[in-house]
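Return a 3D structure for these sequence lines:
(one chain, ligands or ions: 1)
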Amino acid sequence: MSARQTSESNSTDPFEFELFYWPFLQGRGEFIRLAFEATGTRYRDVCRMPESDGGGLAALRAVLSPSLPAGPFAPPVLRHKQINLFQTAAILDYIGPLLGLGGNSPAETRRCLQIQLCILDTVAEIHNLHHPISTALYYEEQKVEALRATHSFVNTRIWKWMDYYALILEQNNGPFLVGDRTGYPDLSLFQLLAGLEYALPRTYAIIAQKYPRLMALRSAVGEIEGIQSYLSSERRLPFNQDGLFRFYAELDLEPEQSIA
Ligand SMILES: N[C@@H](CCC(=O)N[C@@H](CS)C(=O)NCC(=O)O)C(=O)O
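Numbers count the residues shown, from 1 in each chain. Predicted coordinates:
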């Protein structure tokens, strides 16, 4: 299966897309990277380049500079044709049609964005399991609340989200969420499932049993040529304790049996 699809862009600059994101974690930048990697689109992961070549955290600080008019609030930021875009879903909504990952019709393009916003809402809930009080505090300063939040999440919210994505796949007769080909929400749901497997393996084990359609999507995306080579390359950063998806053994709770 290949997600290489026609690009409407015909610039001669092989690195016309420049991503600015934290250089040491997957985070929300990964949803953008996957779109480029799945389609074999060349992009520059600017902050992972040495500072001496214009990369590193200095590049990130520069693009986030508050002195820029209407500048971005937070990474990821995508620079294309001298315009800086931010907000993950807005970036994907912009590059989706350029890369052939944004649906086959205006209705499908809107649907891609709506589903993407759902996926990012789910991701924010998962991030908030280890930061339930504030991102300005360390996990160690909010461990009691984190445990409580995770207990609630693995017994309630996660199933509402998973049921919803499985239903979309069923209605669309999978393995794609929208239309009859890979779209950026498929790549993002793949990443969400991979992140859940890393962060909450006990919960993920039940997801894997209970939702064959989600597993079929994960396999279909994993078979895309560009994704396969990306995942086995050094460009794919490992999950770690700085990202959205973090593994803390004490938060890897067994969901209550009635769910399974
Ligand atoms: N809704 C934004 C969230 C952006 C965001 O929270 N970025 C994180 C990294 S994934 C960050 O560095 N935030 C800094 C901050 O909020 O001060 C998006 O989807 O892009």
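
which residues are contacting the helix or strand that contains Y165?
Using DSSP states H and E, the element containing Y165 is helix 158-171. For helix 158-171, the surrounding residues in contact (CB atoms under 8 Å, 6 or more residues apart in numbering) are 115, 118, 122, 125, 175-177, 189, 196, 200, 203, 207, 210-211, 213-214, 216-217, 255, 259. Yep, even glycine has a C-beta here, placed from its N, CA and C like the rest.

Tell me the buried residues within those residues.
115, 118, 122, 175-177, 189, 196, 200, 203, 207, 211, 213-214, 217, 255 (16 or more other CB atoms under 10 Å).

Now compare those residues and name the two farthest from each other.
For the buried ones among the contacts of helix 158-171, the farthest-apart pair by CB to CB is F176 and P255; their separation is 27.9 Å.

circling back: and which of the buried ones among the contacts of helix 158-171 is nearest to Q142?
L200 (17.5 Å).

I'd like the average pLDDT over the longest helix anywhere in the chain.
What stands out as the longest helix in the chain, according to DSSP state H, is helix 106-130. Averaged across helix 106-130, pLDDT comes to 98.

could you pull out the helices for the stretch 1-150 of the chain?
29-38, 56-63, 88-99, 106-130, 143-152 (DSSP state H, counting those that start in this stretch).

Turn those helices into TSV, columns for distance to the ligand.
Output for those, formatted as TSV (distance: least, CB to the nearest ligand atom, whole Å):
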stretch	distance to the ligand
helix 29-38	7
helix 56-63	9
helix 88-99	3
helix 106-130	6
helix 143-152	18
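
and among these, the most buried is which?
Ranked by mean neighbour count, those are led by helix 29-38 with a mean of 25 (mean count of other CB atoms under 10 Å).
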